[in-house]
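A.B. asks: sequence-free structure coming up:
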């Protein structure tokens, strides 16, 4: 018996980085467009760019931080995004980092900050909260995202 997965289609690739300090706080950036939402640093891959490289590039562009490749903590399929259609999101994580001094990089990023998990800022999507919590789990998460809800 042969397995035929059928057509794969196309999807954009996005990558992000979940960074936690020694106190369990997560690093977030606030966008200056759209919902002005808080996110983990990340963005869309350039053609032929590896997901891990996308995460590193976006982290540096948004916060000025240059870090080595993080550990893969999650892969997410979203059938439709507002700007990019279907998308596969990769998340790479770091825990216990100290002494990082991120800086917001306008015009895309208006603010950066470290936040405790029980006091995450708004607006933020449930998808961002899921990626943050998954990044703390030693197992790599795979999830299908069926839309987003927003906490304001």
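C.D. replies: That came in fine, so what should we check first? Because the structure is a prediction, the values reported are computed rather than measured. Numbers count the residues shown, from 1 in each chain.
A.B. asks: Okay, buried residues for stretch 62-75 please.
C.D. replies: By neighbour count on 16 or more other Cβ atoms under 10 Å, the buried set for stretch 62-75 is 62, 63, 65, 67, 70, 72, 73, 74. For glycine as for every other residue, the C-beta is placed from the backbone atoms N, C-alpha and C.
A.B. asks: you'd agree the last one is up against residue 55?
C.D. replies: No: taking Cβ atoms under 8 Å as the definition, residue 74 is not a contact partner of residue 55, at 11.5 Å.
A.B. asks: Tell me the residues that contact both of the two, please.
C.D. replies: Any residue near both residue 74 and residue 55 by Cβ atoms under 8 Å, 6 or more residues apart in numbering counts here, and that gives 90, 91.
A.B. asks: How about the contacts made by residue 51?
C.D. replies: 13, 15, 45, 90, 92.
A.B. asks: same thing but at 10 Å, please
C.D. replies: Contact analysis of residue 51 by Cβ atoms under 10 Å, 6 or more residues apart in numbering lists 13-16, 45, 69, 72, 75, 88-92.
A.B. asks: Now the phi/psi pair for it, please.
C.D. replies: When read as degrees, to the nearest 10, the backbone of residue 51 gives phi -50, psi -40.
A.B. asks: Would you check that residue 150 makes contact with residue 125?
C.D. replies: Yes: using Cβ atoms under 10 Å, residue 150 is in contact with residue 125, at 5.4 Å.
A.B. asks: These two: which has the busier surroundings?
C.D. replies: For the pair residue 150 and residue 125, the greater number of neighbours falls to residue 125 (19 against 13), based on other Cβ atoms under 10 Å.
A.B. asks: Check the gap between residue 67 and residue 86 for me.
C.D. replies: 28 Å (Cβ to Cβ, to the nearest Å).
A.B. asks: same thing with residue 143?
C.D. replies: 15 Å.
A.B. asks: same deal with residue 19?
C.D. replies: 27 Å.
A.B. asks: With neighbour numbers in mind, choose between the two.
C.D. replies: Between residue 19 and residue 86, counted using other Cβ under 10 Å, the more crowded position is residue 19 (25 against 13).
A.B. asks: Show me the beta-bridge partners of the more buried one.
C.D. replies: When bridges are called by DSSP bridges, residue 19 pairs up with residue 94.
A.B. asks: Before I go, just wanted to say thanks for your time.
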